[in-house]
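>>> give me a 3D structure for the following:
(2 chains)
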2 protein chains.
Amino acid sequence: MKEFQLIEKYFKPLTNSCKASQNLADDVAKISLKKDEELIISKDVFVEDVHFLRADGGFKIASKLLRTNLSDLASSGATPLHYMLGFSKNDHTDEKFLREFSRGLKSVQDQFELCLIGGDTIKSEKLFFSVTIFGIAKKGKILSRNQAQEGDLIFVSGTIGDAFLGRCFDRLSMTSAKILQERHFFPTPRINLGKKLLEKKLSRCAIDVSDGLIADLNHICAASKLAAEIHLNSVPISAAAQKFLQKNSQIKITDLISGGDDYELIFAVNPKNRKKIAALSKSLNLDLTCIGEFKKSSAKKFNVSLYDEKNHKITIKKTGYEH
Amino acid sequence: MKEFQLIEKYFKPLTNSCKASQNLADDVAKISLKKDEELIISKDVFVEDVHFLRADGGFKIASKLLRTNLSDLASSGATPLHYMLGFSKNDHTDEKFLREFSRGLKSVQDQFELCLIGGDTIKSEKLFFSVTIFGIAKKGKILSRNQAQEGDLIFVSGTIGDAFLGRCFDRLSMTSAKILQERHFFPTPRINLGKKLLEKKLSRCAIDVSDGLIADLNHICAASKLAAEIHLNSVPISAAAQKFLQKNSQIKITDLISGGDDYELIFAVNPKNRKKIAALSKSLNLDLTCIGEFKKSSAKKFNVSLYDEKNHKITIKKTGYEH
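Numbering: from 1, shown residues only, chains lettered A, B, ... in the order given. As a prediction, the model looks like this:
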């Protein structure tokens, strides 16, 4: 299939005929903004055998690709708008793969209300996909890594470790494993949470958990020049993951908090807003759990300390995915 | 080298500390615009052994990557602003490569006044790089493929075929081959030309020659629903390329016009503006050559017809690079 046919058949329907896409008929896309808005942009690359397996199929690959990119927008509190796609194909890229890939993108687009506005298609032995995603935010109003304050509580959304277990044990057919696999392939970008935290002025500081809970919290610490103390037994673990840990003693909870791929938000909250966070949790129907606190760092070591249920400090070797 | 060290050492200096980059310390970049401006965006992907060889070295690879992306902005008449980089590395990516790659980007940045604002780095066997490039234009004022009018003259900038010869014969050490190789590795995005065509209201329609002169002119024809007639002996060929053709009879001028990689602009001009184009050519110190005319298409066949010096129609098999 030639590039133009491929674009016409599988990608043009994803533009929803939006103006910015120029019908994918030009080399460029164009975006207009209102005066008080800012464009928030993120770019990610996905590579075969690193971020996905060909055997995962087009639907899962495309879904995860777009969902993880949306998570970057979520962590800044932006509203999704458009995306551009770098698409590679090889001799294994058949019609079925294309159909499933396009369907995967469509399902995420529909859920999060954004559309494709351009990109590039090329041929390569190993597959890789690149997404540049665009969101809008009120000028000067975004969540950043460097806005945590001393004394802020550390909150995390949802549960941690499911995707890690889903990735590691994707051949298990237990019911719990199925739930975990879903969490691995179809993470939920916390778009609404990010927006509400800003709107309700409950936080100015967030990051999404891609590398690992500890590793990403370390990023906030470094950017905000603070230390963090978290309590291992406060970290929210799903029922499915707990069941899994009970049956598989070789996996520890410390593996979950460094496993990554959760795409939950870690965010900083002034203690006076604790009740409002509880109310937000209820209205979003999403667990928001306090796992610790940001502290002043006297030693200029800006990182996370982890404590067990007896308040003993725990040392872990691996904090997250190493790039 | 870890991702953060790599970013700190080689990519952060390329941000010129511009606000949009957020110091590369966040997952997102942010762009503000004035009210009457529009953001023009293009995304391209470069793959090892398809678009470049590792042996080309970091400097050439990075230069070409950014120059060809800038050419997309040139074809829309936009002013370059920022870019994001998807960067892959493997076991061959040593300090020398990184240094050269970064130096290659810097040289193009400095010449065209844009800066890096974000991106992603990953590991992969084969190298590939992806650039998303951002330019600004006055709202509603860009050059597009679909704006050619019946009777418009077809102009092309610079010379055609040098890069093709430079690519095919990159082991020749002749002086002329060196010039041709330079044109292959260091194409000149015609940013100023694109901007001036808009500013002086001399054209509303342009495309850059990446696939091939005929192939890209075909894109204009399809988008503008017109036919085009061009004269082979009007196509501007450099002295170096002419010398080359004389000595290598197996290569024909028809190979040059389907070779691609020129990154010159094809643009449509109302005949009444012919003199103004001549003046612009002088002021930019850049050849702008009329090679034919857009015609009405009665048969609904929107493509290019090619004529030789005796005004006989020529048929060529390959119009350009097949994706």
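
>>> top helix in chain A by residue count?
Scanning chain A for the helix with the most residues, using DSSP state H, yields helix A:57-76.

>>> buried sites along the following helix or strand past that helix?
The helix or strand immediately downstream of helix A:57-76 is strand A:79-89, counting by DSSP states H and E. Buried residues in strand A:79-89, counted by 16 or more other CB atoms under 10 Å in any protein chain shown: A:79-89. All C-beta atoms are positioned from the backbone trio N, CA, C, and that covers glycine.

>>> and the following helix or strand past strand A:79-89, how far out from the chain's middle?
Following strand A:79-89 in sequence order, the next helix or strand is helix A:95-112 (DSSP H and E). Centroid separation for helix A:95-112 versus its chain: 18 Å, with CA atoms, centre = their mean, to the nearest Å.

>>> mean confidence score for helix A:95-112?
Averaged over helix A:95-112, pLDDT sits at 93.

>>> likewise for stretch A:119-138?
For stretch A:119-138, mean pLDDT is 91.

>>> if you count neighbours, what's buried in that stretch?
A:119-122, A:124, A:126-137.

>>> strands - which of these land there?
A:119-122, A:128-137 (DSSP state E).

>>> adding distance to B:Leu73, write those out as CSV.
As requested, these are exported to CSV (distance: CB to CB, whole Å):
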residue, distance to B:Leu73
A:Gly119, 16
A:Asp120, 14
A:Thr121, 20
A:Ile122, 20
A:Phe128, 24
A:Phe129, 23
A:Ser130, 19
A:Val131, 20
A:Thr132, 15
A:Ile133, 20
A:Phe134, 17
A:Gly135, 22
A:Ile136, 22
A:Ala137, 25
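
>>> so which of those residues are also by chain B?
A:119-122, A:128, A:130, A:132, A:135, A:137 (CB under 8 Å from any CB of the partner chain).

>>> determine which two of those residues are furthest apart.
Spatial extent of these (CB to CB) is set by the pair A:Ile122 and A:Ala137 at 31.7 Å.

>>> quick one: contacts for A:Asp211?
A:260, A:319-321, A:323 (CB atoms under 8 Å, 6 or more residues apart in numbering or on different chains).

>>> gap between the two ends of stretch A:231-251?
19 Å (CA to CA, to the nearest Å).

>>> mind listing what's buried along it?
Neighbour count says stretch A:231-251 has A:231-232, A:235-238, A:240-241, A:243-245, A:251 buried, by 16+ other CB under 10 Å.

>>> point out the residues in the stretch 101-250 of chain A that sit beside chain B.
A:117-126, A:128, A:130, A:132, A:135, A:137, A:139, A:142, A:144-146, A:207-208, A:223.

>>> switch the cut-off to 6 Å
Counting by CB under 6 Å from any CB of the partner chain, the positions of the stretch 101-250 of chain A adjacent to chain B are A:119-120, A:122, A:124, A:130, A:132, A:145, A:223.

>>> re earlier: out of the buried residues of stretch A:231-251, which are inside strands?
Checking the buried residues of stretch A:231-251 against DSSP E, those in strands are A:His231.

>>> in TSV, list the buried residues of stretch A:231-251 along with pLDDT.
Listed next are those as TSV, based on pLDDT from 0 to 100:
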residue	pLDDT
A:His231	96
A:Leu232	94
A:Val235	97
A:Pro236	97
A:Ile237	96
A:Ser238	95
A:Ala240	90
A:Ala241	91
A:Lys243	88
A:Phe244	86
A:Leu245	88
A:Ile251	88
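
>>> looking at the buried residues of stretch A:231-251, which one is closest to A:Glu199?
A:Pro236 (23.6 Å).

>>> my read: that closest one touches A:Thr159, true?
Yes - if you go by CB atoms under 6 Å, A:Pro236 and A:Thr159 touch, sitting 4.7 Å apart.

>>> domain ranges for chain A?
Chain A breaks down by automatic domain parsing into domains covering A:3-138, A:145-314.
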